[in-house]
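Engineer: Sequence and predicted structure, then a few things I'm wondering about:
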Amino acid sequence: MNDILVFSEEAAAAKAEQKPIVALESTIISHGMPYPENVQTAKDVEQLIRGRGAVPATIAIIDGKIKIGLTDDELEFLGTSRDIEKVSRRDLPYVIAMKKHGATTVAGTMICAAMAGIRVFATGGIGGVHRGAEQTMDISADLQELAQTNVAVVCAGAKSILDLGLTLEYLETHGVPVLGYQTDILPAFYSRTSPFRVDYRLDSAKEIATFIETKWALGLDGGIVVANPVPQEDELEESYITAIIEQALKEAEEKHITGKAVTPFLLDRVKTLTEGKSLKANIALVKNNAVLAAEIARELS
């Protein structure tokens, strides 16, 4: 693994000095946002984490190496190249063995973060059970990773293009706790509200860190979802975004879009149909999650 897992200078120094580190995914750069917003957001998020006394470690695969922490040039490469695989658990051995480039999903990032000894990870939203999964069996590998990998994931809930109720049921079955940061209601990515409740409300980073430590100290393996609502000034009203998502889902069905292509297609259509409002909300919630993740990482360290 020493030949495959490569730390940036900043990340290596943080490990040696036992500083708090926050993992960041790279799919959001390569497949989740348009250029140049993707690269600029990645840089802004890293700076926000540094400003909160933690060290950012954006994770990706470059030339078959798992990079823990990226340079500005590598961020630019991920944000502009079309030769970037989308990498979850299934894809990791292929992309590494073939020495390809890959952007890690939530699941992929969790695996690499755990290998690197990083316990806190900030993202936009987790994957989940897709609408219509009772026919298609389309369930994100993110959920199974949360069931088995000891990384706390700070997010704005599951992506609202998904079936949130079934996603919560899946997480409950696998013993994955869903914590609401200063909220009793599960946030729905672009919106602060949904028809569903979180498992437990905790109101400070210190309380969340204590919960995380207690879970793992009890020998209860698996991740934790920390659901952090999008800032109020940036949210999209629940009924408005729900109607747009329904339209995007209908278009995806008509075009027979399936598998890995579904989420990027839906996010792009939602961005177009909201005239860019969804992208603004996405950027705001990612930054918001990074700040909370840095505070939790500091408490854990």
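Structural biologist: Sure thing, it's come through.
Engineer: Break down the protein into its helices, ranges please.
Structural biologist: Ranges of helices within the chain are 9-16, 27, 37-51, 72-80, 92-97, 106-115, 133-136, 141-148, 164-173, 205-217, 238-254, 262-273, 277-300, based on DSSP state H.
Engineer: closest one to Asp199 among these?
Structural biologist: Smallest distance to Asp199 across those (C-beta to C-beta): 7.7 Å, for helix 164-173. Yep, even glycine has a C-beta here, placed from its N, CA and C like the rest.
Engineer: Relative to the centre of this protein, find the outermost residue for me.
Structural biologist: In the chain, the greatest distance from the average C-alpha position (C-alpha atoms, centre = their mean) is reached by Glu254, at 28.1 Å.
Engineer: Just put the helices of the chain in JSON lines and tack on mean pLDDT and distance to Ile66.
Structural biologist: Putting the helices of the chain into JSON lines (pLDDT from 0 to 100; distance: least, C-beta to C-beta, whole Å) gives the following:
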{"stretch": "helix 9-16", "mean pLDDT": "98", "distance to Ile66": "12"}
{"stretch": "helix 27", "mean pLDDT": "96", "distance to Ile66": "14"}
{"stretch": "helix 37-51", "mean pLDDT": "98", "distance to Ile66": "17"}
{"stretch": "helix 72-80", "mean pLDDT": "98", "distance to Ile66": "13"}
{"stretch": "helix 92-97", "mean pLDDT": "98", "distance to Ile66": "7"}
{"stretch": "helix 106-115", "mean pLDDT": "98", "distance to Ile66": "5"}
{"stretch": "helix 133-136", "mean pLDDT": "84", "distance to Ile66": "30"}
{"stretch": "helix 141-148", "mean pLDDT": "98", "distance to Ile66": "15"}
{"stretch": "helix 164-173", "mean pLDDT": "98", "distance to Ile66": "26"}
{"stretch": "helix 205-217", "mean pLDDT": "98", "distance to Ile66": "23"}
{"stretch": "helix 238-254", "mean pLDDT": "93", "distance to Ile66": "32"}
{"stretch": "helix 262-273", "mean pLDDT": "88", "distance to Ile66": "23"}
{"stretch": "helix 277-300", "mean pLDDT": "97", "distance to Ile66": "20"}
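Engineer: Which among those helices is found nearest to Pro229?
Structural biologist: Each of the helices of the chain was scored for nearness to Pro229 using C-beta to C-beta, and the closest is helix 277-300 (8.1 Å).
Engineer: so what pLDDT did Met1 get?
Structural biologist: According to the predicted model, the pLDDT of Met1 comes to 66.
Engineer: before we move on, back to that, how near is the residue farthest from the centre of the chain to Gln247?
Structural biologist: Glu254 is 11 Å from Gln247, where distance means C-beta to C-beta, to the nearest Å.
Engineer: contacting residues around the most centrally placed residue in the chain?
Structural biologist: Geometric centre of the chain, nearest residue: Thr123, 3.0 Å, by C-alpha atoms, centre = their mean. Residues counted as contacts of Thr123 (C-beta atoms under 8 Å, 6 or more residues apart in numbering) are Leu24, Glu25, Ile28, Val106, Thr109, Val153, Val154, Cys155, Val286, Asn289.
Engineer: Which of these ranks first by neighbour count?
Structural biologist: Thr109 (32 neighbours; other C-beta atoms under 10 Å).
Engineer: Enumerate the positions of stretch 28-43 that are buried.
Structural biologist: Taking 16 or more other C-beta atoms under 10 Å as the basis for neighbour counts, the residues of stretch 28-43 that come out buried are Ile28, Ile29, Ser30, His31, Gly32, Met33, Glu37, Asn38, Val39, Thr41, Ala42, Lys43.
Engineer: With distance to Leu164 added, can I get those in CSV?
Structural biologist: Compiled in CSV, the buried residues of stretch 28-43 are given as follows (distance: C-beta to C-beta, whole Å):
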residue, distance to Leu164
Ile28, 20
Ile29, 25
Ser30, 25
His31, 22
Gly32, 19
Met33, 22
Glu37, 26
Asn38, 25
Val39, 30
Thr41, 24
Ala42, 27
Lys43, 31
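Engineer: Looking at these, which is nearest Glu10?
Structural biologist: For those, with Glu10 as the reference and C-beta to C-beta as the criterion, the closest is Lys43, at 13.4 Å.
Engineer: which residues does that closest one contact?
Structural biologist: Residues touching Lys43, when contacts are defined by C-beta under 8 Å, 6+ apart, comprise Asp72, Leu75.
Engineer: Can you convert the helices of the chain into JSON lines and add a column each for distance to Phe189?
Structural biologist: Formatted as JSON lines, those follow (distance: least, C-beta to C-beta, whole Å):
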{"stretch": "helix 9-16", "distance to Phe189": "28"}
{"stretch": "helix 27", "distance to Phe189": "15"}
{"stretch": "helix 37-51", "distance to Phe189": "15"}
{"stretch": "helix 72-80", "distance to Phe189": "21"}
{"stretch": "helix 92-97", "distance to Phe189": "26"}
{"stretch": "helix 106-115", "distance to Phe189": "13"}
{"stretch": "helix 133-136", "distance to Phe189": "18"}
{"stretch": "helix 141-148", "distance to Phe189": "13"}
{"stretch": "helix 164-173", "distance to Phe189": "9"}
{"stretch": "helix 205-217", "distance to Phe189": "20"}
{"stretch": "helix 238-254", "distance to Phe189": "8"}
{"stretch": "helix 262-273", "distance to Phe189": "10"}
{"stretch": "helix 277-300", "distance to Phe189": "7"}
